[in-house]
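Q: predicted coordinates and the sequence they were generated for:
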Amino acid sequence: MDSLHSKPHVALLSSPGIGHLTPVLELSKRLVANHGFHVTVFSVTTTTTTTAPPPPKPKTATTTTLDLVDIFELHVDISGLVNPNAPFVARVGVTMRESLPILRQAISGMDPRPTILVVDIFGTEAMKIADEFDMSKYVFITTSAWVFAFCVFVPTLDDEVEGEYVDLQEPVKIPGCNPVRVEDLVDPMLDRRSQQYFEFLRTCKGYLSFDGVLVNTWEDLERPTLKAFRENGILKQILKAPIYPIGPLIKRVGSSGSRSELLDWLDLQPCQSVLYVSFGSAGTVSAKQITELAWGLELSQQRFIWVLRPPMEKNGPHDLNGCDDVANYLPDGFLSRTHKLGLVVPMWAPQEEILGHRSVGGFLSHGGWNSSLESILSGLPMIMWPLYAEQKMNAAMVVEELEVGVRVVQLSEMVEREEIAKFVRMVMEGREGEAMRTRVKELQCSGERALIENGSSYESMCELARDFEMKLK
Ligand code: UDP
């Protein structure tokens, strides 16, 4: 066999959004660099779902080390197929289904044909294609094992629970894992008659048919949950496939050498003095809340970098390409009053580089899983301000279980400035912040340890690689 045919060719399918593509690319890089596999990434995009910089262009040539991963963009137009204002889960379901014919065509033309298909959390329907081409099928969970445990248990809940989940009197118990408070349930669970619930349930059922499950977590971070998947118990009976905790797979700061004004500004600030504020690649809050957040930051008198997007009313929470002057949403005179304290950056900032800078001391985040991991791996305590998807569960885990953050709870239309300022001060200069910083640095070390030789995630990746090789034989 030549080298191209002696190692498995692994195809990975990434659903739309930088929060999915980033961990998929990180996994791909490791499969190439550490295990010598041939890897092709299929990145599904639509015109309506991303505010992030566009994903890498389709490539077939192999150029640099990173580019040993071939990346194909599968562009899908879903206009007319789903209401553009429908919730993300409903839109992504349609998008992924529409991408299947293009994926099928691409795989059928490949030589060597991939023998393994790894899909991410929204790619379960591509299993059909894996079956058609006799490929082994794996799912890569780009969130926590706890959220995945919940998903695996959703079909059982669907059978057992009558009425709406939001009317439950008690938290939802997942066997062997922490319970989930009703108010922290993922969005699609809020209305059992909605299209997004239907899509979500279908996705959760799909998880039960894979040959293996990769999760962007590590043993020390989620030991009890991972144990619940392995020990003979209800979860193990529901999910028979092996589970591979292979994280933390986060984007590593590149050595591009290019310096932005942001980083130059950070260089001038005292150590751990700057709060980074960002609601992920697509999140935003109302216009009134943006104004109140600005007042809260000013009131706290802490340094900040704030990645600001137009409010929800302007474009809807996930469609923020219409870039207007975000300063319009700030209180009069805010920028001049705070020009020595902080920077407001419209739309997008190099998050990894900012979090890794020594001047940054905390992260006010929407609680996306990638952002949470990036914060932990930078040793930064968090202010969790969850907005949608599984972010409330992430907030519960970060705050109550890991104890490395505080949580903004939105009980009314708006979180008041005094409350915001209190949280900012608590994390940046309070004793609670100090204690969280100590704990988060321990987690940072455990995450780093998991990835190095003999670390739990390193070993898990090796086991996965051996399984992939076995499938070739
Ligand atoms: N991100 C970034 N700059 C921004 C906003 C987001 O680099 O201005 C990156 C961030 O580092 C993370 C990803 O986008 O890797 C967002 O993923 P996450 O799971 O945190 O949230 P999502 O955007 O999927 O809700």
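A: Perfect, I can see it now.

Q: pull the number of nearby residues for the closest residue to the ligand within the stretch 101-250 of the chain.
A: Here the stretch 101-250 of the chain gets closest to the ligand at one residue, residue 250, 6.7 Å apart by Cβ to the nearest ligand atom. Bear in mind the C-beta positions are built from the backbone N, C-alpha and C, glycine included. Neighbour count of residue 250, defined by other Cβ atoms under 10 Å: 23.

Q: repeat for residue 262
A: 17.

Q: same question, residue 437
A: If you count neighbours by other Cβ under 10 Å, residue 437 ends up with 18.

Q: you'd agree it is up against residue 382?
A: No - assessed by Cβ atoms under 8 Å, residue 437 is found out of contact with residue 382, at 10.7 Å.

Q: now do residue 48, the pLDDT please.
A: Reading off the confidence values, residue 48 has pLDDT 56.

Q: also residue 380?
A: pLDDT at residue 380 comes out at 98.

Q: spell out which residues of the stretch 351-473 of the chain are next to the ligand.
A: Neighbours of the ligand within the stretch 351-473 of the chain, by Cβ under 6 Å from any ligand atom: 351, 352, 368, 369, 370, 371, 374.

Q: pLDDT, neighbour count and distance to residue 24 for these - can I get that in a markdown table?
A: Listed next are those as a markdown table, based on pLDDT from 0 to 100; neighbours: other Cβ atoms under 10 Å; distance: Cβ to Cβ, whole Å:
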| residue | pLDDT | neighbour count | distance to residue 24 |
| --- | --- | --- | --- |
| 351 | 96 | 24 | 17 |
| 352 | 94 | 18 | 16 |
| 368 | 98 | 27 | 15 |
| 369 | 98 | 26 | 13 |
| 370 | 98 | 26 | 11 |
| 371 | 98 | 26 | 16 |
| 374 | 98 | 22 | 16 |
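
Q: SS state for the residue of the stretch 101-250 of the chain closest to the ligand?
A: coil (DSSP: H, G, I helix; E, B strand; the rest coil).

Q: tell me the contacts of it?
A: If you count contacts by Cβ atoms under 8 Å, 6 or more residues apart in numbering, residue 250 has them with 22, 23, 26, 352, 370, 373, 374, 377.

Q: pLDDT below threshold where in the stretch 201-350 of the chain?
A: Low-confidence regions of the stretch 201-350 of the chain, defined by pLDDT under 70, span residues 253-258, 315-324.

Q: which residues are in contact with the nearest residue to residue 308 once chain neighbours are set aside?
A: In this structure, residue 308 finds its nearest non-sequential neighbour in residue 326, 4.5 Å apart by Cβ to Cβ, 6 or more residues apart in numbering. Taking Cβ under 8 Å, 6+ apart, we find residue 326 in contact with 308, 309, 310, 344, 346, 347.

Q: over to residue 211?
A: Counting by Cβ under 8 Å, 6+ apart, residue 211 makes contact with 136, 137, 138, 241.

Q: most neighbours, which of those residues?
A: Counting neighbours by other Cβ under 10 Å, residue 138 leads those with 24 neighbours.

Q: please, which helix or strand holds that one?
A: Using DSSP states H and E, residue 138 sits in strand 136-141.

Q: can you list contacts of the next helix or strand along the chain from that strand?
A: On the C-terminal side of strand 136-141, the nearest following helix or strand under DSSP H and E is helix 145-160. For helix 145-160, the surrounding residues in contact (Cβ under 8 Å, 6+ apart) are 141, 165, 172, 174-178, 180, 186, 189, 200-201, 203-205, 207-208, 213, 215, 217, 222, 225-226, 228-229, 234-235, 238-239, 243, 245, 369, 390, 393-394, 397.

Q: do the same with stretch 297-307
A: By Cβ under 8 Å, 6+ apart, stretch 297-307 touches 262, 266, 269, 273-279, 293, 331, 334, 337-338, 341-349, 351, 354, 359-360, 417-418, 420-421, 424-425, 428-429.

Q: hmm, it touching the ligand?
A: Yes - counting by Cβ under 6 Å from any ligand atom, contacts between stretch 297-307 and the ligand involve residue 307.

Q: start the count at 5, not 1, going forward
A: Will do, 5 is the new start, and the previous item becomes stretch 301-311.

Q: any chance of the contacts of residue 330 in JSON lines, plus distance to the ligand and neighbour count?
A: JSON lines is the format used below for the contacts of residue 330 (distance: Cβ to the nearest ligand atom, whole Å; neighbours: other Cβ atoms under 10 Å):
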{"residue": "312", "distance to the ligand": "10", "neighbour count": "21"}
{"residue": "313", "distance to the ligand": "9", "neighbour count": "26"}
{"residue": "314", "distance to the ligand": "14", "neighbour count": "22"}
{"residue": "348", "distance to the ligand": "12", "neighbour count": "20"}
{"residue": "350", "distance to the ligand": "10", "neighbour count": "15"}
{"residue": "351", "distance to the ligand": "7", "neighbour count": "15"}
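
Q: the closest residue to residue 364 other than its chain neighbours: what's it in contact with?
A: Computed as Cβ to Cβ, 6+ apart, the closest residue to residue 364 that is not its neighbour in sequence is residue 278, at 4.9 Å. For residue 278, the contacting residues are 270, 306, 307, 308, 309, 346, 361, 363, 364, 365, by Cβ under 8 Å, 6+ apart.

Q: just grab the bridge partners of residue 278 for me.
A: residue 307, residue 364 (DSSP bridges).

Q: how far away is it from residue 384?
A: 10 Å (Cβ to Cβ, to the nearest Å).

Q: mutual contacts of the two, please.
A: 364, 365.

Q: which among the contacts of stretch 301-311 end up buried?
A: Using 16 or more other Cβ atoms under 10 Å as the burial test, the contacts of stretch 301-311 include 266, 270, 273, 277-283, 297, 338, 342, 345-349, 353, 355, 358, 363-364, 421, 424-425, 428-429, 432-433 as buried.
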